[in-house]
Each structure stands twice: as structure tokens, then as C-alpha cells.
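Asker: One predicted model, sequence on top.
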Amino acid sequence: QVQLVESGGGLVQAGDSLRLSCTASGLTFSNYHMGWFRQAPGEERKFVAAIRSTDKRLYYADSVKGRFTISRDNTQNTVYLQMNSLKPKDTAVYYCAAGPRSPLWESTDETKYDHWGQGTQVTVSS
């Protein structure tokens, strides 16, 4: 049984930092591309960042470039999202997702991810 468990969310002030973690079990982590998505109240879930399994190539949404950093530790089956200079508009539930290594994988496409975590709330106050 595959499980993705996020942690690290919380309530912070604008300008603060948070680091989210997502630990996977039940799958061969190094065979999966990993992504972070977020969903704000009343909005659709949106892509935030992704890291490829093979060459660790990074992908970011324009809204977080220069502020967020995604990384992974294959020895710990964990993907991280370091979030700096947080803004109130970053408030959302953050989800990690695992997508199998495939030529069809696209970092921003939710349908290319097979497994999802339960989400962790990030709230940024002004």
C-alpha cells in the first residue's frame, strides 16, 4: 500500500519560511518523479514544483520561482519543499504527489501523478 505523508505546515507571518516534507512508503521512491501542488479555498488545485527522479531536474510555477525550492532525498524516501518569503497568497493546502517514471510524464499535469498525500495546511497571515 502506497502512502505519502506530508508534514511541516502551519501558521506563519508574511516573510517567514516553512519547510514541508513528504515521506513515501510502499513504492520504489527513486522510480518516481515527485511534485507539490496546492489548493487555496475556492480554487482548483495548482502545480507548485516538481523534481524528476532521474536527473533531479527541477520545475517551478512562476508564482513561486525564486522563493520555493524543491529537493529530494532518495535514501530517506522524502521530498521537501523549502518555502521562503511567504506571502498571504501562498495560503493553501499543500499536497505531494508521486508520478511514475515515464516519457509521458509532465510536471504540471495532475493526471500524470498516481499517488497523492492527504495534504498539509499552510496559512500565511499579513
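Answerer: Here it is on my side, so go on.

Asker: For stretch 107-114, measure first residue to last.
Answerer: For stretch 107-114, the first-to-last residue distance is 12 Å (C-alpha to C-alpha, to the nearest Å).

Asker: The residue nearest the centre of the chain: which element?
Answerer: Nearest to the mean C-alpha position of the chain, by C-alpha atoms, centre = their mean, lies residue 36 at 2.0 Å. Assessed by DSSP states H and E, residue 36 sits inside strand 32-39.

Asker: Now the element after that strand, going C-ward?
Answerer: strand 46-51.

Asker: ok, back up a step: quick one: average confidence on the strand holding residue 36?
Answerer: Per-residue pLDDT values across strand 32-39 average out to 98.

Asker: Residue 39 reaches residue 91, doesn't it?
Answerer: No: judged on C-beta atoms under 8 Å, residue 39 makes no contact with residue 91 at a distance of 10.5 Å. To be clear about C-beta, it is placed using only N, CA and C from the backbone, and glycine gets the same treatment.

Asker: Please name every helix or strand in contact with the helix or strand in which residue 19 is found.
Answerer: Assessed by DSSP H and E, residue 19 sits inside strand 18-25. If you count contacts as 3 or more C-beta pairs under 8 Å, 6 or more residues apart in numbering; DSSP states H and E, strand 18-25 packs onto strand 3-7, strand 32-39, strand 78-83, strand 92-100, strand 120-125.

Asker: hmm, back to that, between residue 39 and residue 91, which one's more packed in?
Answerer: residue 91 (18 against 14; other C-beta atoms under 10 Å).

Asker: And the pLDDT for that one?
Answerer: 98.

Asker: Okay, now the unreliable bits of this protein?
Answerer: Nowhere does the chain drop to pLDDT under 70.

Asker: Swap in 90 and give it another go.
Answerer: 54-56, 102-104 (pLDDT under 90).

Asker: With just CA atoms, put the strand holding residue 36 into CSV.
Answerer: What follows is strand 32-39, C-alpha atoms only, in CSV (Å, rounded to 0.1, in the frame of the first residue of the first chain):
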residue,chain,number,x,y,z
TYR,A,32,9.0,8.2,-9.2
HIS,A,33,9.0,11.9,-10.1
MET,A,34,7.7,13.9,-7.2
GLY,A,35,5.6,17.0,-7.2
TRP,A,36,4.0,19.5,-4.9
PHE,A,37,0.6,21.0,-5.7
ARG,A,38,-1.6,23.4,-3.7
GLN,A,39,-5.2,24.3,-3.4
